[in-house]
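**Student:** Predicted structure and sequence below. I'll ask about it afterward.
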Amino acid sequence: NAGVTQTPKFQVLKTGQSMTLQCAQDMNHEYMSWYRQDPGMGLRLIHYSVGAGITDQGEVPNGYNVSRSTTEDFPLRLLSAAPSQTSVYFCASSYVPGSYEKLFFGSGTQLSVL
Amino acid sequence: AQTVTQSQPEMSVQEAETVTLSCTYDTSENNYYLFWYKQPPSRQMILVIRQEAYKQQNATENRFSVNFQKAAKSFSLKISDSQLGDTAMYFCAFTGRNNDMRFGAGTRLTVKP
């Protein structure tokens, strides 16, 4: 019973490097999303998807790209990492967006950009 | 865009007592959903309670209940008989027509023995 799986759990990058945070769910959820969590700012939505082939921007999309080629996977790409992207990143999914359904969260990725 | 405001960055309560966490939100929608999530030090996100806006009756889950005031756009969480395990960050969240879920900045709750 895997749920939402995020990899890696920890990552250190140098400024300007690129990387992809992986997110996979095995619950056949239509909705998937990425959040970043910073002290005093709660969880802020980066990008989300309501189904394969469909993505949209959240509150803080700049510096991040996403794609949704399959229902299961929703990777988050940092094209050129900046220190301001140091944060904890959460992937989350649910059956139906904009509904009573709760979000299932991954365990988070602690990212440090030096 | 919808916004969610939690005006209490930190709160504390004595074990076995009752505490209320505040949340307000801004929206022009009539149908939407509100949630409270708990994040203990393990960083795991746990759903505490949820409310559908079209239901007037306040949701309850064991020791957790909400006071939902639709006209005032207020959604407070009451924790009764507080336990040490309730120590955590608590986030209020909103979702509606836009299909995304927005969170407040959180309230750090400490339960003291």
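**Tutor:** Happy to help now that I have it. Residues are numbered from 1 along each chain as shown, chains lettered A, B, ... in the order given.
**Student:** does the nearest residue to B:V13 once chain neighbours are set aside have beta-bridge partners, and which?
**Tutor:** Spatially, and ignoring its direct neighbours in sequence, B:V13 is nearest to B:V19 (3.9 Å; CB to CB, 6 or more residues apart in numbering or on different chains). In short, each C-beta sits where N, CA and C put it, glycine included. Counting by DSSP bridges, B:V19 is bridged to B:I79.
**Student:** again with B:L109
**Tutor:** Taking DSSP bridges as the rule, B:L109 bridges to B:M11, B:A88.
**Student:** residues in contact with the closest residue to A:L21 other than its chain neighbours?
**Tutor:** Closest residue in space to A:L21, ignoring its immediate chain neighbours: A:L76 at 4.4 Å, by CB to CB, 6+ apart. Listed by CB atoms under 8 Å, 6 or more residues apart in numbering or on different chains, the contact set of A:L76 reads A:20-21, A:23, A:34, A:46-47, A:64-66, A:89, A:91.
**Student:** Inside helices: which ones of these?
**Tutor:** In helices, judged by DSSP state H, none of the contacts of A:L76 are found.
**Student:** Contact residues of chain B facing chain A?
**Tutor:** With CB under 8 Å from any CB of the partner chain as the criterion, chain B meets chain A at residues B:1, B:4, B:6, B:9, B:33, B:35, B:37, B:43-45, B:47, B:50, B:52, B:91, B:95-106.
**Student:** and those, which are buried?
**Tutor:** With neighbours counted by 16 or more other CB atoms under 10 Å in any protein chain shown, these contain buried members at B:4, B:6, B:33, B:35, B:37, B:45, B:50, B:91, B:95-96, B:98-106.
**Student:** Could I get the pLDDT score of the nearest residue to A:Q6 once chain neighbours are set aside?
**Tutor:** Ranked by CB to CB, 6+ apart and with sequence neighbours excluded, the top spatial neighbour of A:Q6 is A:G106, at 3.5 Å. pLDDT, A:G106: 96.
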